[in-house]
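A.B. asks: The sequence and its predicted three-dimensional model are supplied below.
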Amino acid sequence: MILQDLAERLAAQLHGDPALSVERVATLSGASSGDISFISHKRYRNELGQTAASAVLLREDDLPHLAEGVAALVVDDPYLAYARVAGWLYPPVEESGGIHPSAVVEEGAEIAADVSIGPHSVIETGAQIGAGCRIGPGCVVGRHVVLGEGGRLEANVTLCHHVRIGRRVLIHPGAVIGADGFGFANDAGRWVKIPQVGSVVIGDDVEIGANTTIDRGAIDDTRIADGVIIDNLVQVAHNVQVGEHSALAGCVGIAGSARIGAHCALGGGVGVVGHLEICDNVIVTGMTMVNHPIREAGVYSSGTPMEENAKWHRNAVRFKQLDEMAKRLRRLEKQSKDESTE
Amino acid sequence: MILQDLAERLAAQLHGDPALSVERVATLSGASSGDISFISHKRYRNELGQTAASAVLLREDDLPHLAEGVAALVVDDPYLAYARVAGWLYPPVEESGGIHPSAVVEEGAEIAADVSIGPHSVIETGAQIGAGCRIGPGCVVGRHVVLGEGGRLEANVTLCHHVRIGRRVLIHPGAVIGADGFGFANDAGRWVKIPQVGSVVIGDDVEIGANTTIDRGAIDDTRIADGVIIDNLVQVAHNVQVGEHSALAGCVGIAGSARIGAHCALGGGVGVVGHLEICDNVIVTGMTMVNHPIREAGVYSSGTPMEENAKWHRNAVRFKQLDEMAKRLRRLEKQSKDESTE
Amino acid sequence: MILQDLAERLAAQLHGDPALSVERVATLSGASSGDISFISHKRYRNELGQTAASAVLLREDDLPHLAEGVAALVVDDPYLAYARVAGWLYPPVEESGGIHPSAVVEEGAEIAADVSIGPHSVIETGAQIGAGCRIGPGCVVGRHVVLGEGGRLEANVTLCHHVRIGRRVLIHPGAVIGADGFGFANDAGRWVKIPQVGSVVIGDDVEIGANTTIDRGAIDDTRIADGVIIDNLVQVAHNVQVGEHSALAGCVGIAGSARIGAHCALGGGVGVVGHLEICDNVIVTGMTMVNHPIREAGVYSSGTPMEENAKWHRNAVRFKQLDEMAKRLRRLEKQSKDESTE
């Protein structure tokens, strides 16, 4: 792509040769001729002054720091501009199309004309696969699943029966959508399984990471709203609801019937207790245990800071005396006050 | 099913038309005609008064709060009764049966007559598949695996060689049973793999969640007892033992050779250190680090409560001063005592 | 194998019949005739005195504690010796070899002559599979993947396009290498996907656990160095680097662009924040949150100790008052000092 085109599409101000073409994205320090790079933080200004990129996406105030002879595209949000440019330079690979002869498509499945289905995938009866879907090798699409147009399943994805997925959803390898929720009643010490008769409903433009699991609802459905992004190895239990454009980082676990608002971001390894609610626009930092509802937008955390082990040990032991320490402190204060008023 | 039948099977007291039939389970608020619902906690009494269900499972003391015209089945444990009713209303889907032509069954595998094996599954030599087993698409059953009668593997399950599984075990998609334990000796900084020559032995009536992993033993076997239920993305390391009817919630991790008693419940994200023992009837709350043995039944926890991030930060910093604070507190107390005895 | 051979290969001092043969490894307490066992810690000396093994690997100072009539191989590191002996007694199972007729090998894939490929595996165009590789059933090897000689993929492994893997790498079932990193820019509340154009590069002699995920880089590559061992359900985000011979235990999560040094060991469930660096020779204990860089070799920890729930609750509540308590303590100290200097 030539810089003039990029500038127009990005509504960017161009400093440099409009006919110059770029072919790849690169980091500032790794770039060479033909690469376009970007600067997202002032701390990289040093690299900006030495980059061998052909062009750089940057903010106006970064411009004076740019290496001589490098073209600049001035934008408000260079990281977002980089995302767009990368999307143009690296369009998704076109599949050869068609249904591989080794794929098994059961009678009663409805497959749009231009769908591609990889080797050894299985599409069970009643499934509906929308226009433009690309299903990788080794996937299983269960009975009566609906996969909306433009959906993409990478390799070895499992969609269990009756799961309903919106348009342009991308699911990475090994993800399992719609396994039974973990629902059991206890009968004198023995577990009695509760059939999980709800399903999973996923909106449009959702991305789901590798080996992530999203369980089907016990009675009602588990729901992932439009635009949600979910990383790898995330566990979403039955009847959870995740609101529009929220992000769940790797290893997050959300217990049953919890409700996450819109535009939330849960950091890596966050755990959310069941049946509670998190309002919109909440950020939870990594490995936090969300053990009560969050009713105000903001940033929330739990945990203790990392220390050298021997020091940690001494402090951790004191954690078990904390309540007692608080009482002793209160006693001293009272005593001190009594003395001063004597 | 008609209410009279349900009442008899549940030994419930019926208030309403014995000939009334119900077809589905539903929540109190989501129910309509033909649905049977349940109330498991007083906080839902408001919904109980407004439900449009045809019948409700409830305790005697909930009866006065039930909406007019709705039939009632009075039981001691409505949640357990709901589990049973749902089991009757939603029996497992019958498979067409038979071995799909695309499945690969190696010579020397023993498959009972009525087993169904899905497309693209692989049954290796020496495997024994018991009567009534249903194996979904894309599963791999390794050499000499034993899968007891009535077993069900959902899609893309992997059972590694020589794993032995009891009767009526249900394994959800993507689970891996019997991969090598994480066993290595260190030779001057380099890891030397220790062959994992034990196996995994799983009892009867066990359920294992999606993408969960249970490793084979180093020498002896990893053992999961009868009636254990395991959620998604759980890691059970080599030589772990889990006792009868215990429950492991999502994202639990149990390190090597730990022994969990019977009737225990580990909450989501709990981690158990290796080589330690948890006695029977222990509940561990979510995200707790079990770093020492538990010798008495009870409820155990660790972690810190979630707070608004700025406040958390101030408190977390103090955690690193905790031992020093304890010493200063002690000094003040001593001083105060000295003064008062002067 | 006869003891004389073992003694020579291990450079061990033999006490007992050189012609005695051993066939299996066993624990001290589980051993019987024909078994070789080992003692790795003094606490097992009691078992050493009662073992029914034919031979035991032990340190010189354990020798007097050995049961009568049992042969001894005296070595410096019995656990390492056991690893080696087990490796000799249990060589990897030889595959029948060849490409199963149900496997799909696309045109343009280069497969060395002696490679074995299991049923229903898929090797996409441009992939290069080195000499001696064994690929289990249900695996997907994407376009242009390089798998070095002696590599072994167990069942249902997914290698995404262009991933490059060294020699003698063992990957357990369900692992996913090279899925897209979790990279998105935010455009007024909506996530814009950033194409992940880097890859994953894995060194020689690496082992990767079941259902573990290692994401491809955003621009540059994610890198796992030679000799690294990774357990099950580990998440390695895009652009992470892990140094030589480091070990990642189960359920570890490493956020984007973090760099782990050589000879490090991260305990189970450890989380590492993105973009930070851990130097060589660092041990991090289980479930620690690594929230700042580690610049000195040593042992590091975070978290709080497990307690009985009611006690934990009382202490955890005080955690939220910690900063305030510290200030009150300081005030008392000041007051006390003022008084004593009055």
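C.D. replies: Received the coordinates, thanks. Numbers count the residues shown, from 1 in each chain, chains lettered A, B, ... in the order given.

A.B. asks: Same question for stretch A:254-267: list its buried residues.
C.D. replies: A:254-267 (16 or more other C-beta atoms under 10 Å in any protein chain shown). Heads up, the C-betas are built off the backbone N, CA and C, glycines and all.

A.B. asks: do stretch A:335-342 as well
C.D. replies: Of all the residues in stretch A:335-342, those buried under the rule 16+ other C-beta under 10 Å are A:335-336.

A.B. asks: returning to that earlier point: so of the buried residues of stretch A:254-267, which ones are in strands?
C.D. replies: With strands defined by DSSP state E, the entries of the buried residues of stretch A:254-267 inside them are A:254, A:259-260, A:265-266.

A.B. asks: of all the residues you listed, which two lie farthest apart?
C.D. replies: A:259 and A:265 (15.6 Å; C-beta to C-beta).

A.B. asks: picking that back up, present the buried residues of stretch A:254-267 as CSV; the columns should include distance to chain C and pLDDT.
C.D. replies: As requested, these are arranged in CSV below (distance: C-beta to the nearest C-beta, whole Å; pLDDT from 0 to 100):
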residue, distance to chain C, pLDDT
A:254, 15, 98
A:255, 17, 98
A:256, 20, 98
A:257, 22, 97
A:258, 20, 98
A:259, 19, 98
A:260, 15, 98
A:261, 12, 98
A:262, 8, 98
A:263, 6, 98
A:264, 11, 98
A:265, 10, 98
A:266, 12, 98
A:267, 8, 98
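
A.B. asks: Of those residues, just say which sits nearest to residue B:132.
C.D. replies: Closest to residue B:132, out of all of those and judged by C-beta to C-beta, is residue A:256, at 30.1 Å.

A.B. asks: Can you give me the neighbour number for residue A:250?
C.D. replies: Residue A:250 has 27 neighbours, counted by other C-beta atoms under 10 Å in any protein chain shown.

A.B. asks: That one against residue C:251, yeah?
C.D. replies: No: proximity of residue A:250 to residue C:251 does not meet the contact threshold set by C-beta atoms under 8 Å, at 10.9 Å.

A.B. asks: Quickly note the distance from residue A:215 to chain C.
C.D. replies: For residue A:215, the distance to chain C (C-beta to the nearest C-beta, to the nearest Å) stands at 16 Å.

A.B. asks: Contact partners for that residue?
C.D. replies: Residue A:215 makes contact with A:178-182, A:196, A:200, A:222, A:236-238, B:210, B:232, according to C-beta atoms under 8 Å, 6 or more residues apart in numbering or on different chains.

A.B. asks: Quick check: bridge partners of it?
C.D. replies: residue A:179 (DSSP bridges).

A.B. asks: what does residue A:36 give?
C.D. replies: The bridge-partner assignment for residue A:36, based on DSSP bridges, gives residue A:25, residue A:55.

A.B. asks: can you pull the pLDDT of it?
C.D. replies: Here, the pLDDT recorded for residue A:36 equals 98.

A.B. asks: ok, it to residue A:83 distance?
C.D. replies: Using C-beta to C-beta, to the nearest Å, residue A:36 is found at 12 Å from residue A:83.

A.B. asks: Keep only those of the contacts of residue A:215 that are in strands.
C.D. replies: A:178-179, A:200, A:222, A:236.

A.B. asks: Same list (these) but as CSV, adding pLDDT and neighbour count.
C.D. replies: Formatted as CSV, those follow (pLDDT from 0 to 100; neighbours: other C-beta atoms under 10 Å in any protein chain shown):
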residue, pLDDT, neighbour count
A:178, 98, 32
A:179, 98, 27
A:200, 98, 26
A:222, 98, 29
A:236, 98, 32
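
A.B. asks: Relative to chain B, which of those residues is nearest.
C.D. replies: The shortest approach to chain B among those belongs to residue A:179, at 4.0 Å (C-beta to the nearest C-beta).

A.B. asks: Could you tell me which residues of the stretch 51-200 of chain A lie near chain C?
C.D. replies: Residues of the stretch 51-200 of chain A lying close to chain C (C-beta under 8 Å from any C-beta of the partner chain) are A:77, A:79-80, A:82-84, A:86-87, A:89-90, A:93, A:100, A:102, A:118-120, A:136-138, A:154-156, A:170, A:172-174.

A.B. asks: make it 10 Å
C.D. replies: Within reach of chain C by C-beta under 10 Å from any C-beta of the partner chain, the stretch 51-200 of chain A has these residues: A:77-93, A:96, A:100-102, A:118-121, A:136-139, A:154-157, A:170, A:172-175.

A.B. asks: returning to that earlier point: between residue A:36 and residue A:83, point out the one with more neighbours.
C.D. replies: Legend: neighbour count by other C-beta under 10 Å for residue A:36 and residue A:83, higher for residue A:36 (27 against 22).

A.B. asks: who's in contact with the spatially most central residue of chain A?
C.D. replies: For chain A, the residue nearest the mean C-alpha position is residue A:230 (2.9 Å; C-alpha atoms, centre = their mean). By C-beta atoms under 10 Å, 6 or more residues apart in numbering or on different chains, the residues touching residue A:230 are A:171-172, A:175, A:202, A:206-209, A:212, A:214, A:224, A:236, A:242, A:246-250, A:252, A:266, C:182.

A.B. asks: Kindly report the same for residue A:176.
C.D. replies: Applying C-beta under 10 Å, 6+ apart, we find residue A:176 in contact with A:140, A:156-160, A:208, A:211-215, B:154-156, B:172-175, B:209-211, B:232-233.

A.B. asks: mind running it again at 8 Å?
C.D. replies: Listed by C-beta under 8 Å, 6+ apart, the contact partners of residue A:176 are A:157-158, A:160, A:211-214, B:156, B:172-174, B:210-211, B:232.
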